[in-house]
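In: Coordinates only, no sequence provided:
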C-alpha cells in the first residue's frame, strides 16, 4: 500500500519536474531552436497518434497525408471563413477523422501488405489532388497567410507563447491518447493485433476496432496539422509527402513501438541527432538511412528497450563480480 | 486516329519498361516476403550508371548497359545478404531497411551527379522507323521494347524450364515446404533478388536516354511498380506483365488528354478499386491465411 503511494508520488513529482523543465526550456534557447522545439512538440503528437493506429497491427502509410488534411482544413477555414484557431483546430481534427472514416470502407477490406500499399495509394491520390486542383488548394505552391490567434495582447507569432500553446494542446491530446490506450478500447485494440481470431470468437468486431483506431489516430494528427499550419503560416502538398511519412515510421520504429513513450523517445532523440549533424547537409539523409538500418539490425525493439538492456547488463556484470568474489 | 495509334505504340513501349521493374518487385516479394521500397532507386542507379559511364566518359552504350546491370545486381545481392537475410522473420523490418537503402542511394546519386537540373543522356540509336507515313517510332524506343521482351522471355524460360526456376517458384509458394525438400532458401533468395535487381538495372539503363535522370526519379517508379503489382496480383509474374501493359496504355492515354498528374491519380484510384473488388489482382490466386 505504502509502496503504491510512493510510486504515485514519484510519478507526479516526475511529471512536475518535466513540466517545469519544459516551461523553462524555450527561454534558454536561441530563436532557431525555439522554432525547432515547436515542431518537435507537434511531431510528438504525430508519432503518438500514429502509435494508436499501429496498435491493431496495421501499419498505414497515410498518416502524413491525414496531417495534411487537418492542415488544409485549418487553412481553408481560416482564409475563407475567418475562423479563429479555437474553431479551426477541432474542425481540422474532425475533418481528418471524417476522411479517415470514409477511407475505412475500402482500406479495411485489406490487411497487412495490401493495407500498407492501399493506404499509400489513397494518401498519394489525396496529395496529388492538392497539387492538381489549384482552386482551392493552391497547387504545388500551396497556400499561405494563416495566422496564429490573438488573445488579449499576447502575440502568438512569437515562438515562446506559441510553444506554450502547443505544449498545452499536445499535452491534453497525449493525456487523452494515453487514457484511450489504457482503457477497455485500448486493450481490445491490443487483442485485435495479437489474437484476432480469438478476439473475434468472443464477439469483438475486429473491423470496427481497426477502423476506430484509424479514425481516432487521424483526428489527433489532424489537430497536429492545424497546429503546424497556424505557426508556419504556409502549407504545401510536399510537406506531407512520402518523405515525411518515412520520417514518422523511422521515429516510431527507432524509438520502439511497444510502449506509449517509445515513439516519443524516438522523435526527441532523432530530432536532437538530426540537429547535431546539421553541418553535413547534403549527406544527412544517408546518415539517417544508415542509423535506421543499424537500429533495425541491432536494436529491433527500439531505443526504449535500451534501458532494460543496460539494466540487464549491469545485473549480469554485478552477478559475475559476485560469483568471482565467492570463488576467491 | 494518328494520335491514338501513336499513343498505343508509346503505351506498349512504356509497358515493357514497367514490366521489367514490376516483375523484379514481384519476384523479391514472392520469394522473400519483403516489399523492396528501394526498387525505384535501383532503377535510378541503373540510369545514373549510363549517364556517368556512357554520356560523361564516352564508353559505348551496350557495355555501359551491361555495367549498369552488374552494378545494380551487386547492390541487390548485398541488400539480401546483409539486410534482408538477418530480418527474414520480420517483413516490416525488411521494409524499413529498404527505406534506409533508399536514402543512402539517393544521397550517393546526388554526390556522384551533383545537385542541379536533371541529367539527359543523348540517345545512342539515331533515326526513326516510319510506318504508314505517320507512325514514327525512334529506334531507341524500339530497341528498348525488343530488349524488354527478350529479358522477360528469358525470365519466363528460366522460371518454367530450369531447375533453379522451379526451386524459386517452390519457395515463393511455400518457403517451409521448399526448405524441407532440400531447397537452399538462402541461395534461392540470392537468385531472386539478383534477377530482380538485374531487371531493375536493365530498366534504368534502357530508360536513361528517354527520361530525365535525377536522384528522386525512383519515386515515380515505385508508385508505378506498386500499381502494376497490385493490379496484376501480388505474387503473379504473368499478372504483373499484363498489368504493366494495361496500365501503361491507360496512363499514356490519360496523360495525352488530361495530363500526367491526373493520370497518376486515376492509376492510384484504379489500384484502390482493384484492391476492393479483387484484392488478389487480375491474375492472382487467393492465398489461404
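Out: Yes, it's here. The structure displayed is predicted, hence computed values, not measured ones.
In: contacts, neighbours, all on C-alpha from now
Out: OK.
In: contacts for stretch A:284-299?
Out: With contact meaning C-alpha atoms under 8 Å, 6 or more residues apart in numbering or on different chains, stretch A:284-299 is reached by A:250, A:253-254, A:274, A:277-278, A:302, A:305-306, B:83, B:86-87, B:93, B:96-97, B:99-108.
In: Please pick the buried ones from the residues you listed.
Out: Judged by neighbour count, with 16 or more other C-alpha atoms under 10 Å in any protein chain shown as the criterion, the buried members of these are A:250, A:253-254, A:274, A:302, A:305, B:83, B:87, B:93, B:96-97, B:99-108.
In: dump the residue contacts of the residue of the stretch 101-250 of chain B found nearest chain A.
Out: Scanning the stretch 101-250 of chain B for the residue nearest chain A gives residue B:104, at 4.2 Å (criterion: C-alpha to the nearest C-alpha). With C-alpha under 8 Å, 6+ apart as the criterion, the residues that contact residue B:104 are A:285, A:286, A:287, A:289, A:290.
In: Could you pull up the mean pLDDT of the strand or helix carrying the first one?
Out: According to DSSP states H and E, residue A:285 maps onto helix A:284-298. In this model, helix A:284-298 carries a mean pLDDT of 85.
In: for the next helix or strand after it, which positions count as buried?
Out: Using DSSP H and E, the helix or strand that follows helix A:284-298 in sequence is helix A:304-327. Of all the residues in helix A:304-327, those buried under the rule 16+ other C-alpha under 10 Å are A:304, A:305.
In: Same question for stretch A:66-83.
Out: Of all the residues in stretch A:66-83, those buried under the rule 16+ other C-alpha under 10 Å are A:66-79, A:83.
In: cool, stretch A:242-261 as well?
Out: Along stretch A:242-261, these residues count as buried under the neighbour rule (16+ other C-alpha under 10 Å): A:242, A:245-258, A:260-261.
In: what packs against the helix ranked longest in chain B?
Out: Counting by DSSP state H, the longest helix found in chain B is helix B:2-32. Applying 3 or more C-alpha pairs under 8 Å, 6 or more residues apart in numbering or on different chains; DSSP states H and E, we find helix B:2-32 packed against helix B:39-49, strand B:135-138, helix B:139-161, helix B:163-173, helix B:185-207, helix B:218-232, helix B:237-258.
In: what angle do it and helix B:185-207 make?
Out: With axes from the mean of the first three to the mean of the last three C-alpha atoms, to 10 degrees as the basis, helix B:2-32 and helix B:185-207 are set at 160 degrees to each other.
In: Against which helices or strands is whichever helix or strand residue B:66 is part of packed?
Out: Using DSSP H and E, the secondary-structure element containing residue B:66 is helix B:61-79. For helix B:61-79, the contact count by 3+ C-alpha pairs under 8 Å, 6+ apart identifies helix B:39-49, helix B:185-207 as packing neighbours.
In: how many other residues sit next to the closest residue to residue B:17 other than its chain neighbours?
Out: The shortest distance from residue B:17 to any residue other than its chain neighbours is 5.7 Å, reached at residue B:203 (C-alpha to C-alpha, 6 or more residues apart in numbering or on different chains). For residue B:203, the neighbour count with other C-alpha atoms under 10 Å in any protein chain shown is 29.
In: average pLDDT for stretch A:41-50?
Out: The pLDDT scores in stretch A:41-50 average 94.
In: cool, and stretch A:172-181?
Out: According to the model, stretch A:172-181 has a mean pLDDT of 92.
In: what's the offset of it from the middle of its chain?
Out: Distance of stretch A:172-181 from the chain centroid (C-alpha atoms, centre = their mean, to the nearest Å) equals 12 Å.
In: Ok, stretch A:109-123 next?
Out: Chain-centre distance of stretch A:109-123: 20 Å, with C-alpha atoms, centre = their mean.
In: And for stretch A:41-51?
Out: So, by C-alpha atoms, centre = their mean, the centroid of stretch A:41-51 is 1 Å from its chain's centroid.
In: And stretch A:162-181, by the same measure?
Out: Here stretch A:162-181 is found 11 Å from its chain centre; the criterion is C-alpha atoms, centre = their mean.
In: Name the residues of it that are buried.
Out: Going by neighbour count (16+ other C-alpha under 10 Å), the buried part of stretch A:162-181 is A:162-164, A:166-167, A:169-170, A:173-174, A:177-178, A:180-181.
In: Among those, which ones are in strands?
Out: When those are checked against strands using DSSP state E, none is located there.
In: Among those residues, pick out the one closest to chain B, please.
Out: The nearest member of the buried residues of stretch A:162-181 to chain B, counting by C-alpha to the nearest C-alpha, is residue A:181 at 22.8 Å.
In: Verify the stated contact: the closest one with residue A:187.
Out: Yes - counting by C-alpha atoms under 8 Å, a contact exists between residue A:181 and residue A:187, whose distance comes to 6.8 Å.
In: Would you mark the buried spots in stretch B:61-76?
Out: So for stretch B:61-76, counting by 16+ other C-alpha under 10 Å, buried means B:61, B:64-73, B:75-76.
In: Can I get these in JSON lines including pLDDT?
Out: Putting those into JSON lines (pLDDT from 0 to 100) gives the following:
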{"residue": "B:61", "pLDDT": "90"}
{"residue": "B:64", "pLDDT": "92"}
{"residue": "B:65", "pLDDT": "93"}
{"residue": "B:66", "pLDDT": "95"}
{"residue": "B:67", "pLDDT": "95"}
{"residue": "B:68", "pLDDT": "94"}
{"residue": "B:69", "pLDDT": "95"}
{"residue": "B:70", "pLDDT": "96"}
{"residue": "B:71", "pLDDT": "96"}
{"residue": "B:72", "pLDDT": "96"}
{"residue": "B:73", "pLDDT": "96"}
{"residue": "B:75", "pLDDT": "95"}
{"residue": "B:76", "pLDDT": "95"}
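In: number of nearby residues for residue B:263?
Out: The burial count assigned to residue B:263 is 19, neighbours taken as other C-alpha under 10 Å.
In: In terms of secondary structure, what does the helix or strand where it lies contact?
Out: Under the assignment given by DSSP H and E, the secondary-structure element containing residue B:263 is helix B:260-277. Based on contacts counted as 3+ C-alpha pairs under 8 Å, 6+ apart, the elements that helix B:260-277 packs against are helix A:85-107, helix A:112-132, helix B:218-232, helix B:237-258.
In: helices and strands around the second one, which ones?
Out: Right, the one you point to is helix A:112-132. Contact partners of helix A:112-132 among helices and strands, from 3+ C-alpha pairs under 8 Å, 6+ apart: helix A:63-81, helix A:85-107, helix B:260-277.
In: just those helices: most buried one?
Out: helix A:63-81 (a mean of 25; mean count of other C-alpha atoms under 10 Å in any protein chain shown).
In: near chain B, anything from that helix?
Out: No - looking at helix A:63-81 against chain B by C-alpha under 8 Å from any C-alpha of the partner chain, there are no contacts, and the closest approach is 14.7 Å.
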